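**Student:** Generate a structure from the sequence data that follows.
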Amino acid sequence: MFADVIRNSKTEHEIYFLLTSYIEAVRFCDKLHCCIPEHITRLPLRGIVEVRERFEHLMLELDRASKRLDDNSCMVIREGVHIFGAALNRLSVLDEQHYVPQRMTAAAFDAQAAYGL
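**Tutor:** Residues are numbered from 1 along each chain as shown. The predicted structure is shown next:
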């Protein structure tokens with residue numbers, strides 16, 4: 001459910017709010033930190049670079065849990081990978097949408113300057 005809502009988010013603020021809510025839920029439900037390490041569930045989130053780092057760390061944790069044949073941890077971590085992956089993808093799309101109009105405006109400005117308009 002988190003991933004679906006994240007995919008349809010219109011702003012970065014919404015995505016970070018949803019990720020924070022997810023992290024708080026994981027922290028509350030996983031008081032022994034047996035599935036997802038603290039460095040992944042630490043708050044606050046500080047931008048897309050940190051979301052990417054946490055996604056990569058979750059992938060490593062999933063690999064470790066898989067090698068231990070720890071099905072419960074794999075299930076929880078897989079959910080985190082899915083949610084952080086959706087957030088990372090949506091943040092990237094929103095970032096691209098934000099900068100494309102600026103680049104187009106800059107290109108139009110350069111074209112006008114080149115023609116003396």
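
**Student:** any weak-confidence spans in the protein?
**Tutor:** 30-34, 99-117 (pLDDT under 70).

**Student:** Settle this for me: residue 84 is touching residue 53, isn't it.
**Tutor:** No. At 9.9 Å, residue 84 does not count as touching residue 53 under the criterion of C-beta atoms under 8 Å. Where C-beta positions appear, they are placed from N, C-alpha and C, glycine not excepted.

**Student:** Among those two, which residue is more densely surrounded?
**Tutor:** residue 84 (26 against 15; other C-beta atoms under 10 Å).

**Student:** how near is the more buried one to residue 69?
**Tutor:** Separation of residue 84 from residue 69 (C-beta to C-beta, to the nearest Å) stands at 23 Å.

**Student:** Likewise for residue 10?
**Tutor:** In terms of C-beta to C-beta, residue 10 sits 41 Å off from residue 69.

**Student:** swap in residue 39?
**Tutor:** 24 Å.

**Student:** Same check on residue 51?
**Tutor:** Distance, residue 51 to residue 69, by C-beta to C-beta: 29 Å.

**Student:** Look at the two and report which has more neighbours.
**Tutor:** The neighbour comparison of residue 51 against residue 69 (other C-beta under 10 Å) goes to residue 51, with 21 against 8.

**Student:** Name the residues that touch the helix or strand containing the more buried one?
**Tutor:** For residue 51, the enclosing helix or strand under DSSP states H and E is helix 48-67. Residues outside helix 48-67 that contact it (C-beta atoms under 8 Å, 6 or more residues apart in numbering) are 19, 35-37, 39-40, 45, 73-74, 77-78, 80-81, 84-85, 87-88, 91-92, 95.
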